[in-house]
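# no sequence on this one, just coordinates:
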């Protein structure tokens, strides 16, 4: 989960095309703060941990809604989109056909908690459908979680690329080809493949983060997604974990630590 949180924080100052489309930027600055991406990542993780080991889907969906509304209302100014803000306030929240990239940015915990790719994909779909029930919204969550699952289980980049391609994403463009015309867009269709490409081209965790930010656009969310996959593949440097922790409130840290303790108990990769 550190990868998703760090991607969000590091990308946040450059969201809305505010960066220079370069990999040479201060990794942390005063603007490196968590946004709605981190809040919802924590909310989904809490709900999925509560649902272990085998809660029914309908119970899990209710718990997802409860956790997402609880955390969203606790941090109401974290940067949510308009329709999602309405969903957070609703007394009877329903999915609203979204294919926004929010389904993919919050799903990282699903990539770590299950022992088969099929279960991982299913639970990623469950996390998406409570809001983002459009097929493209679901696909974004499923493919992101699937890439994390494969990475943490030792898959190489070619295998991860093939998986995402077979799921329907065009990964033929390089980051150099994407970068010039890429702009702020909040759909899964134009965020998830770019995030995966940044991961595929990166040489280590930090390089993936820098590559993702350099693409521009909705780069806190794009880098959140890329960072979540990179963590599973490379691990996260301890000094970057420390910087992440400095920027989280105690209540968010509590859930993060519970999740990381569970990962340690399950002895998931990376060591």
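Received the coordinates, thanks. Computed from a predicted structure; not experimentally measured. Numbering: from 1, shown residues only.
# Low-confidence regions, the stretch 1-150 of the chain specifically.
Regions of the stretch 1-150 of the chain meeting the criterion pLDDT under 70 are absent.
# any idea where the helices of it begin and end?
Remark: helices assigned in the stretch 1-150 of the chain by DSSP state H, counting those that start in this stretch are 2-11, 36-51, 57-74, 82-89, 102-105, 117-129, 135-152.
# which helices and strands does the last one pack with?
The reference is to helix 135-152. Packing partners of helix 135-152 (3 or more Cβ pairs under 8 Å, 6 or more residues apart in numbering; DSSP states H and E): helix 102-105, helix 117-129, helix 157-166, helix 192-201, helix 219-234. For glycine as for every other residue, the C-beta is placed from the backbone atoms N, C-alpha and C.
# Distance from it to the middle of the chain?
10 Å (Cα atoms, centre = their mean, to the nearest Å).
# burial measure for residue 173, as a count.
For residue 173, the neighbour count with other Cβ atoms under 10 Å is 13.
# Which of the helices and strands packed on helix 135-152 sits closest to residue 68?
Residue 68 lies closest to helix 117-129 among these, at 9.3 Å (Cβ to Cβ).
# farthest residue from the center of the chain?
Largest separation from the mean C-alpha position in the chain: residue 91, at 26.4 Å (Cα atoms, centre = their mean).
# so where is the stretch 151-271 of the chain shaky, pLDDT-wise?
In the stretch 151-271 of the chain (pLDDT under 70), the answer is 267-271.
# what sits against the residue nearest the centre of the chain?
Centroid check for the chain by Cα atoms, centre = their mean gives residue 105 as the closest residue, at 2.9 Å. With contact taken as Cβ atoms under 8 Å, 6 or more residues apart in numbering, residue 105 is in contact with 4, 8, 37, 40-41, 221, 224-225.
# cutoff 6 Å now
Contact analysis of residue 105 by Cβ atoms under 6 Å, 6 or more residues apart in numbering lists 37, 221, 224-225.
# what do you get for residue 42?
Going by Cβ under 6 Å, 6+ apart, residue 42 touches 252, 255.
# Next, format the helices and strands packed on helix 135-152 as JSON lines and append distance to residue 263.
Below are those laid out as JSON lines (distance: least, Cβ to Cβ, whole Å):
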{"stretch": "helix 102-105", "distance to residue 263": "19"}
{"stretch": "helix 117-129", "distance to residue 263": "14"}
{"stretch": "helix 157-166", "distance to residue 263": "20"}
{"stretch": "helix 192-201", "distance to residue 263": "20"}
{"stretch": "helix 219-234", "distance to residue 263": "11"}
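# looking at these, which is closest to residue 248?
Using Cβ to Cβ, those put helix 219-234 closest to residue 248, at 14.2 Å.
# just to revisit the earlier point, out of the contacts of residue 105, which is nearest to residue 177?
The shortest approach to residue 177 among the contacts of residue 105 belongs to residue 225, at 19.0 Å (Cβ to Cβ).
# quick one: the closest one from residue 135, how far?
For residue 225, the distance to residue 135 equals 18 Å [Cβ to Cβ, to the nearest Å].
# higher neighbour count, these two?
residue 225 (35 against 12).
# Now the more buried one: closest residue in space that isn't a chain neighbour?
Closest residue in space to residue 225, ignoring its immediate chain neighbours: residue 195 at 3.8 Å, by Cβ to Cβ, 6 or more residues apart in numbering.
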